[in-house]
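Asker: sequence? don't have it. structure:
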């Protein structure tokens, strides 16, 4: 544990000691290493800062996985409602993993900028500030003065440290982080104890306050975030799980039987009552299936004979009803046939009436004989081609006897 605490404090001083970063991060980590766990108001008292700034700084450390946050409700003296209090502590296992991750990414970022020796520009010109690689200056060389610049023909200066490659940067980084890289294998070889909130709070060192800044004592309230079916029950899940492995494909006979029993039980529980689907008078069932598939023997034996009589009477009534309907339909059909025959007879009588002729008296008083045969146009006078015509004759009314008008018709 001491080695893990030393590593966390060293990392905080290494990565949070730059001018653009608040150095109070280092003080907070040291306070948590010393006190193991601190409440936010106690930590603000030690840091002499308000809670808002303290929470902002601790949020940065929490994002870097260097500390952990725990919130629990507490009830102060003189209050009826509990309030949530924030505690800070260090989980050394997570802190060590976060340090490994940071060192790994730093090393990868530095190695990504490495260049091969053939691409390093180690020659530069003082006059025109041009830079050249070793392969570029080989074609223009003076045996006495050395390599010559291609741009201004001035002598080039060789400086291998002018542009340090990725390998050099990686070497410098490894030298600066050597204390971390040397400590991590030692921590991997040992077992770092788990430091949860309960463990850290149990071994916490109390904060000594002066008389003017005493904190009110508080009582921990049991959290009801996870309600249970029975108050005080710690675990409501299944206590054991049994798994059966068989070589057969599909369900076994026992499983099929249990499934069938389960379906029958569900069907019986969902079945409608007998008085709802069966007539209490005639005993007729109005469903496609028997509402009571399992009948008791004693009920069959005790069945009254009147029920059978009622069924027979009901069937006879239905049969008589259908016979009566058939007789009515037959009578209706016969009536329609009689009416059709009468209508045909009337049409025949009308045709016979149209074939007869009446005697017509001409103006001379002679009576024409009816012709029974066919008459040609030549034999018939032109005056007789016209049909008989009736003329309306008004008779003068008698003013003395009657006021009514008599209308007489005379054959012409």
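Answerer: Arrived safely. Keep in mind that what you see is a predicted model, and the values were worked out from it rather than measured. Numbering: from 1, shown residues only.
Asker: pLDDT weak spots in the stretch 101-250 of the chain?
Answerer: For the stretch 101-250 of the chain, the stretches with pLDDT under 70 are 112-119, 161-167, 223-239, 246-248.
Asker: Would you map the helices across it?
Answerer: Assigned by DSSP state H, counting those that start in this stretch, the stretch 101-250 of the chain shows helices spanning 166-176, 178-189, 197-202.
Asker: Buried residues in the first one, which are they?
Answerer: Which is helix 166-176. Residues of helix 166-176 classed as buried: 170, 173 (neighbour count, 16 or more other CB atoms under 10 Å). Where C-beta positions appear, they are placed from N, C-alpha and C, glycine not excepted.
Asker: Residue 273 is nearest to which of the helices of the stretch 101-250 of the chain?
Answerer: Nearest to residue 273, of all the helices of the stretch 101-250 of the chain, is helix 197-202, at 58.4 Å by CB to CB.
Asker: Which of the helices of the stretch 101-250 of the chain sits closest to residue 145?
Answerer: Per CB to CB, nearest to residue 145 of the helices of the stretch 101-250 of the chain: helix 166-176, 29.0 Å.
Asker: counting contacts, what elements does that closest one pack onto?
Answerer: helix 92-111 (3 or more CB pairs under 8 Å, 6 or more residues apart in numbering; DSSP states H and E).
Asker: and of the helices of the stretch 101-250 of the chain, who's closest to residue 46?
Answerer: Between residue 46 and the helices of the stretch 101-250 of the chain, the shortest separation by CB to CB is 16.3 Å, and it involves helix 197-202.
Asker: ok, and what's touching the closest one?
Answerer: Residues from elsewhere that reach helix 197-202, judged by CB atoms under 8 Å, 6 or more residues apart in numbering: 36, 37, 68, 70, 87, 89, 90, 193.
Asker: now those residues as TSV including distance to residue 270, neighbour count and secondary structure?
Answerer: Output for the contacts of helix 197-202, formatted as TSV (distance: CB to CB, whole Å; neighbours: other CB atoms under 10 Å; DSSP: H, G, I helix; E, B strand; the rest coil):
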residue	distance to residue 270	neighbour count	secondary structure
36	62	16	coil
37	58	23	strand
68	54	20	strand
70	51	16	strand
87	55	19	strand
89	57	22	strand
90	60	22	coil
193	58	10	coil
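Asker: Redo those residues as JSON lines? Include distance to residue 14.
Answerer: What follows is the contacts of helix 197-202, written out as JSON lines (distance: CB to CB, whole Å):
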{"residue": "36", "distance to residue 14": "23"}
{"residue": "37", "distance to residue 14": "24"}
{"residue": "68", "distance to residue 14": "21"}
{"residue": "70", "distance to residue 14": "27"}
{"residue": "87", "distance to residue 14": "26"}
{"residue": "89", "distance to residue 14": "22"}
{"residue": "90", "distance to residue 14": "16"}
{"residue": "193", "distance to residue 14": "24"}
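Asker: From those, pick the one nearest residue 272.
Answerer: residue 70 (57.6 Å).
Asker: if we compare the helices of the stretch 101-250 of the chain, which one ends up closest to residue 103?
Answerer: Nearest to residue 103 among these is helix 178-189 (5.9 Å), distances taken as CB to CB.
Asker: Pull out the buried residues from that closest one.
Answerer: Under the neighbour-count criterion of 16+ other CB under 10 Å, helix 178-189 has 180, 183, 184, 187 buried.
Asker: same question, stretch 90-100
Answerer: Residues of stretch 90-100 classed as buried by neighbour count (16+ other CB under 10 Å): 90, 91, 92, 95, 96, 98, 99.
Asker: Distance of residue 75 relative to residue 51?
Answerer: As judged by CB to CB, to the nearest Å, residue 75 and residue 51 stand 19 Å apart.
Asker: domain assignment for this structure?
Answerer: The record's domain parsing of the chain by automatic domain parsing lists 1-114+166-224, 116-164, 261-301, 303-333.
Asker: thinking again about what came up before, the helices of the stretch 101-250 of the chain into CSV, with extra columns for distance to residue 7?
Answerer: Putting those into CSV (distance: least, CB to CB, whole Å) gives the following:
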stretch, distance to residue 7
helix 166-176, 15
helix 178-189, 5
helix 197-202, 17
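Asker: Spatially nearest residue to residue 34 (excluding sequence neighbours)?
Answerer: In space, and not counting its chain neighbours, residue 34 is closest to residue 205: 6.7 Å by CB to CB, 6 or more residues apart in numbering.
Asker: Am I right that that neighbour is in contact with residue 32?
Answerer: No. At 10.7 Å, residue 205 and residue 32 do not qualify as touching, with contact defined as CB atoms under 8 Å.
Asker: Neighbour count for the two, which is higher?
Answerer: More crowded of residue 205 and residue 32, by other CB atoms under 10 Å: residue 32, with 25 against 10.
Asker: does residue 75 count as helix, strand or coil?
Answerer: What DSSP: H, G, I helix; E, B strand; the rest coil gives for residue 75 is strand.
Asker: tell me the pLDDT at it?
Answerer: Per-residue pLDDT puts residue 75 at 88.
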